[in-house]
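In: Got a predicted structure here, sequence first:
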Amino acid sequence: MIEIPEDLDLDNPKKIAQWLWQNLPEDVTYKYDGGSGDGSSWIVENADTRFAIGEDVIEDDGLCWATYYAINDSYGKHWENDKYGGWATGDTTTARSEIEYAFKLFSEAI
């Protein structure tokens, strides 16, 4: 299992996405989610798997994440939701558990 650094800001989606990107295999790409436009959500992906993390705008109290898998069909490539989770701001125990779980899902799919 990957060890999450003690100094990782677990309430900052950009920092978490950067850390994931730096620790996943080299064929992973990292990109800003242009849909938010304000830096509140980030995407890490490769050809077949996408991990999105951002501020929880529904509960407005923390972060949420989701993994997606690619489907290629006659309409082209699109993304299907697979798993999701999240944590409240300041809940470092849940944050670490959720990040480890998401890392495992994403790294196993590669």
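Out: Everything's here; your move. Numbering: from 1, shown residues only.
In: drop to CA atoms for contacts and neighbour counts, all remaining ones
Out: Fine.
In: contacting residues around the longest helix seen in the chain?
Out: For the chain, the longest helix by residue count, based on DSSP state H, is helix 92-109. The contact list for helix 92-109, computed with Cα atoms under 8 Å, 6 or more residues apart in numbering, reads 1-2, 4, 10, 20, 24-25, 48-51, 67, 85-87.
In: any idea which residue of this protein is furthest from its center?
Out: Ser74 (27.7 Å; Cα atoms, centre = their mean).
In: before we move on, back to that, out of the contacts of helix 92-109, list just those in helices.
Out: Among those, DSSP H puts Leu20 in helices.
In: quick one on the thing from earlier: mind listing what's buried in the longest helix of the chain?
Out: Under the neighbour-count criterion of 16 or more other Cα atoms under 10 Å, helix 92-109 has Thr94, Ala95, Arg96, Glu98, Ile99, Glu100, Ala102, Phe103, Leu105, Phe106 buried.
In: One more: stretch 38-47?
Out: Ser40, Ser41, Trp42, Ile43, Val44, Glu45, Asn46.
In: Contacts made by stretch 48-60 with the rest, please.
Out: With Cα under 8 Å, 6+ apart as the criterion, stretch 48-60 contacts 13-14, 17, 40-45, 61-71, 79, 86, 102, 106, 109-110.
In: please redo it, this time with the cut-off set to 6 Å
Out: Contact with stretch 48-60 is made by 13, 40-44, 62-70, as judged by Cα atoms under 6 Å, 6 or more residues apart in numbering.
In: Lowest-confidence one in these?
Out: pLDDT across the contacts of stretch 48-60 is lowest for Ser40, at 78.
In: and the gap between that one and Glu26?
Out: Distance, Ser40 to Glu26, using Cα to Cα, to the nearest Å: 24 Å.
In: Kindly report the same for Asp91.
Out: Distance, Asp91 to Glu26, by Cα to Cα: 30 Å.
In: And these two? Which one has more around it.
Out: Shown here are Asp91 and Glu26; by other Cα atoms under 10 Å, Asp91 has more neighbours (12 against 9).
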